[in-house]
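Participant: below is the structure, and that's it, no one-letter string:
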């Protein structure tokens, strides 16, 4: 897939997160923003997230993955976390998955599936986590709402 297929992401989004009851954490609404912008003349897409503590601030670089025909997301945050996710986008559904070790050991697997609303103004999705290599469970819901 060509990198230009990621054009629907470009812009600034407000982020909402809802956590499982056992986290005893309130939902995040209106405090986190994410901006997607072209980088290096459109060769990559930069994703920047700004958030209040304790939510990490992050930068991601999204690029075409010629080996898979999809995309790769390189994730970095202010905790010093660095990860690589396989990424897919079919024009409607955005997927991210980390199931192999990369910059850090693989203590758990993660995946995100988000779906663009018909009007392209929201991406509604959730992160899942897997600790045993087989059983996936909901980690937290994460939605992106395009700023007007």
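Facilitator: Noted; the coordinates are in hand. For clarity, every value in this text was computed on a predicted model and none was experimentally measured.
Participant: any idea how far stretch 10-26 is from the chain center?
Facilitator: Offset of stretch 10-26 from its chain centre (Cα atoms, centre = their mean, to the nearest Å): 12 Å.
Participant: also stretch 74-88?
Facilitator: 9 Å.
Participant: can you check the distance spanned by it, start to finish?
Facilitator: Using Cα to Cα, to the nearest Å, the end-to-end distance of stretch 74-88 comes out at 13 Å.
Participant: how about it: buried residues?
Facilitator: Applying a neighbour-count criterion of 16 or more other Cβ atoms under 10 Å, one finds 74, 75, 76, 77, 83, 85, 86, 87, 88 buried in stretch 74-88. To be clear about C-beta, it is placed using only N, CA and C from the backbone, and glycine gets the same treatment.
Participant: mind putting these into JSON lines with distance to residue 7, secondary structure and pLDDT?
Facilitator: As requested, these are arranged in JSON lines below (distance: Cβ to Cβ, whole Å; DSSP: H, G, I helix; E, B strand; the rest coil; pLDDT from 0 to 100):
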{"residue": "74", "distance to residue 7": "20", "secondary structure": "strand", "pLDDT": "97"}
{"residue": "75", "distance to residue 7": "21", "secondary structure": "strand", "pLDDT": "96"}
{"residue": "76", "distance to residue 7": "23", "secondary structure": "strand", "pLDDT": "96"}
{"residue": "77", "distance to residue 7": "25", "secondary structure": "strand", "pLDDT": "96"}
{"residue": "83", "distance to residue 7": "24", "secondary structure": "strand", "pLDDT": "95"}
{"residue": "85", "distance to residue 7": "20", "secondary structure": "strand", "pLDDT": "97"}
{"residue": "86", "distance to residue 7": "20", "secondary structure": "strand", "pLDDT": "97"}
{"residue": "87", "distance to residue 7": "15", "secondary structure": "strand", "pLDDT": "98"}
{"residue": "88", "distance to residue 7": "16", "secondary structure": "strand", "pLDDT": "97"}
